[in-house]
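J.: I would like to see how this sequence folds:
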Amino acid sequence: EQERFVEVEWADTDGYYVTLEIKTDDTPGVTASMWERLKAFNLSVKELSTLAKVSDGLVKKLYLKVKDLDELQDVMTRLENIDGVIEIRKVS
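T.: A predicted model of the protein is given here:
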């Protein structure tokens, strides 16, 4: 049924924005280490802030632009390997 087919084209994008929630302990230098790791990617970071203090540390928000899911996974893995980072999850 050829008449049911619709021709589509995928737009090339230069990436997309994501928000990560990062739980860290409260030791000095964790945020500085995060910035150092992020600089290596040459990403557009719009925000890195502390959202809340919780009983066992801090919850931070990271809003940045990545080119694709592979780059996002690489960023998350490298941040998870920092001493003091407890957990990272994508929230949007």
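J.: Buried residues of the longest helix seen in the chain, list them for me.
T.: With DSSP state H setting the assignment, residue counts place helix 69-80 as the longest helix in the chain. When burial is assessed from 16 or more other CB atoms under 10 Å, helix 69-80 yields the following buried residues: 72, 75-76, 79. C-betas here are computed from N, CA, C, even on glycine.
J.: What helices and strands are in contact with it?
T.: Packing contacts for helix 69-80, counted by 3 or more CB pairs under 8 Å, 6 or more residues apart in numbering; DSSP states H and E, involve strand 16-24, helix 30-39, strand 57-66, strand 85-90.
J.: So which residues make contact with the second one?
T.: I take that to be helix 30-39. Contacts of helix 30-39 from elsewhere in the structure, counted by CB atoms under 8 Å, 6 or more residues apart in numbering, are 22, 24, 45, 48, 60, 62, 64, 75, 78-79, 82-85.
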